[in-house]
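S.K.: coordinates only, sequence not included:
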């Protein structure tokens, strides 16, 4: 790997910020941003390097060889960007999802549609097996999006399990870790804990994430090395299936009361927008979807810069 300079690490941090912003939103995956911005496979390789061999390097050779072994500068810069984004944008994105729901989901819809094209074109050769992988991936992701959310206790053991499961989804393009948290009934708890700096909950969730990440990343890295095209095709299907979750227009079937005593949607179903003259937000949704679409292609152009 070529030596990186300050400009390179600024770009990596910006990609981390984009990943963090995506991971806050139920329906958009930080893994998608990593994939289309050109750092996904390096991220998997880096995570997989946290193993017993790394521990041996640390104890026998010292910190500098250990840091090089784990690609420390890359992962530290990326994590810094993700952390800055989650901490700074959690309140804003939560507000926008409540105050401008349809418009924001339109923006996310455009993001994912563009991602479908960019991820899909990374399949080198299309055979029947690749097409079947797209179909399977689409069915799996779509099925996940129509599951009814659970309501679970905010005990620490469940927070740990939620972290371990959600982090696996967060590094998969097309599967939103935030949406998995929503299904598990832990999304609001985790988001509010981040906003209110509830250290015990955050640390417990973080440990769960580390355990899940170290376990799942090795398997995913192996899939990329052995079955690259089929894996990418399946991830393309995940993106297609996840579009069901980010469709802007929804009908609320049931509600629940959150921890602040507010009545919020619990179970929703997708509906078609009203006629143009009855739905003034349609044009806004179209514009923001196009903005999201263009943003993803802009990120892809950025990814072509050597880092």
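M.R.: Now that the structure is in, tell me what you want to look at. Note that this is a predicted model, so its numbers are computed, not measured.
S.K.: averaged pLDDT, the helix or strand hosting residue 33. What do you get?
M.R.: Here residue 33 sits within helix 30-36, counting by DSSP states H and E. For helix 30-36, mean pLDDT is 80.
S.K.: which positions within whichever strand or helix holds residue 76 qualify as buried?
M.R.: Assignment of secondary structure by DSSP H and E places residue 76 within helix 72-99. Using 16 or more other C-beta atoms under 10 Å as the test for burial, helix 72-99 gives 74-78, 80-82, 85-86, 89-90, 93-94, 97. C-betas here are computed from N, CA, C, even on glycine.
S.K.: from the chain's centroid, how far away is that helix?
M.R.: Helix 72-99 has its C-alpha centroid displaced from the chain centroid by 11 Å (C-alpha atoms, centre = their mean, to the nearest Å).
S.K.: quick one: list the elements packing against it.
M.R.: Other elements packing on helix 72-99 under the criterion 3 or more C-beta pairs under 8 Å, 6 or more residues apart in numbering; DSSP states H and E are helix 6-24, helix 40-48, helix 101-120, helix 187-196.
S.K.: neighbouring contacts of the longest one?
M.R.: With contact meaning C-beta atoms under 8 Å, 6 or more residues apart in numbering, helix 101-120 is reached by 22, 25, 27-28, 32, 35-36, 93, 96-97, 134, 173-174, 232-233, 235-236, 239-240, 242-243, 246-249, 281, 284-286, 288-297, 300.
S.K.: so which of these belong to helices?
M.R.: Assigned to helices by DSSP state H, the following of those qualify: 22, 32, 35-36, 93, 96-97, 134, 232-233, 235-236, 239-240, 242-243, 246, 281, 284-286, 288-297, 300.
S.K.: any of those residues buried? List them.
M.R.: Taking 16+ other C-beta under 10 Å as the criterion, what is buried in the ones in helices among the contacts of helix 101-120 is 22, 32, 35-36, 93, 97, 134, 232-233, 235-236, 239-240, 242-243, 246, 281, 284-285, 288-289, 292-293, 296, 300.
S.K.: quick one, what contacts residue 16?
M.R.: By C-beta under 8 Å, 6+ apart, residue 16 lies in contact with 77, 78, 79, 80, 81, 82, 84, 85.
S.K.: meant to ask about residue 166
M.R.: Residues near residue 166 by C-beta under 8 Å, 6+ apart: 177, 178, 180, 181, 184, 186, 209, 212.
S.K.: what about it, distance to residue 49?
M.R.: 22 Å (C-beta to C-beta, to the nearest Å).
S.K.: and residue 201, by the same measure?
M.R.: Distance, residue 201 to residue 49, by C-beta to C-beta: 29 Å.
S.K.: now residue 218
M.R.: The gap separating residue 218 from residue 49 is 10 Å, by C-beta to C-beta.
S.K.: compare neighbour counts for the two and give me the winner.
M.R.: Each of residue 218 and residue 49 has its neighbours counted (other C-beta atoms under 10 Å); residue 49 has more, 19 against 15.
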